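Enquirer: give the three-dimensional model of this entry:
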Amino acid sequence: MDLSNQRRMASEILKCGQNRIYMNPNNLEDISEAVTRGDIRKLIKEDVIKARQERGISSGRKKERMKQKEAGKRKGHGSRKGSKYARSPKKRRWIQTIRPIRRTLKDYRSDGTISSETYRYYYKHASGGIFRSVGHMRSHMQTEKLLLKLPGDKEVK
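Expert: The predicted structure follows:
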């Protein structure tokens, strides 16, 4: 039984390809009797002829990959492109350097380890990016002998 003409008409009516046309195998006689477009439309309305769902690309693997990335996986050496600091902004690195330095300076000033003039001097230098870290700044203070008392020293009465 040749239903190619009916399949062609159905694909034009449903605006899809001929391969996506589904014809119910229980109603093949009714379909073969359908000669006009009107007959085909009637069969489509009765759900004897349908358009199959379009095949798409499954996003299951993508979802799984994104879930792993959220959990911090897939960040090894093989996944990286760019240098060490290309993957994190320069500003973030600066913030991670300057905040501990400023915090340390405030602590030193408040507990009397350094004078307010020394604080101002080192605050300005830190803002200028002279010190790499708190340890670097502390070693500079010790070489310049600007620490009035060493941090952690107990006062002697």
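Enquirer: in the helix of greatest length in the chain, what's buried?
Expert: For the chain, the helix with the greatest residue count under DSSP state H is helix 90-110. Neighbour counts using 16 or more other CB atoms under 10 Å place Thr97, Ile101, Thr104, Leu105, Tyr108, Arg109 of helix 90-110 among the buried residues. C-beta here means a position set from N, CA and C on the backbone, and glycine is covered the same way.
Enquirer: turn the residues you listed into CSV, including distance to Pro25 and pLDDT.
Expert: Output for the buried residues of helix 90-110, formatted as CSV (distance: CB to CB, whole Å; pLDDT from 0 to 100):
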residue, distance to Pro25, pLDDT
Thr97, 73, 96
Ile101, 79, 97
Thr104, 81, 96
Leu105, 84, 96
Tyr108, 87, 94
Arg109, 88, 94
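Enquirer: quick check: domain ranges of this structure?
Expert: Taking automatic domain parsing as the criterion, the chain consists of the domains 4-51, 90-144.
Enquirer: want to throw these into TSV with distance to Lys67?
Expert: TSV is the format used below for these (distance: least, CB to CB, whole Å):
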stretch	distance to Lys67
domain 4-51	33
domain 90-144	25
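Enquirer: got the phi and psi for Ile49?
Expert: The phi and psi values for Ile49, taken as degrees, to the nearest 10, are phi -120, psi 130.
Enquirer: after the longest helix of the chain, next one along is what?
Expert: Proceeding N to C from helix 90-110, the next assigned helix or strand is helix 116-127, under DSSP states H and E.
Enquirer: next secondary structure element downstream of that following helix?
Expert: helix 134-144.
Enquirer: and which of the buried residues of helix 90-110 is nearest Glu70?
Expert: Taking CB to CB as the measure, Thr97 is the one of these closest to Glu70, at 28.1 Å.
Enquirer: does that closest one touch Arg132 like I think?
Expert: Yes: here Thr97 reaches Arg132: they are 7.2 Å apart, a contact under CB atoms under 8 Å.
Enquirer: now the longest helix of the chain and helix 134-144, what's the angle there?
Expert: 50 degrees (axes from the mean of the first three to the mean of the last three CA atoms, to 10 degrees).
Enquirer: which strands or helices does helix 90-110 pack on?
Expert: The contact analysis (3 or more CB pairs under 8 Å, 6 or more residues apart in numbering; DSSP states H and E) places helix 90-110 against helix 116-127, helix 134-144.
Enquirer: alright, I will stop here.
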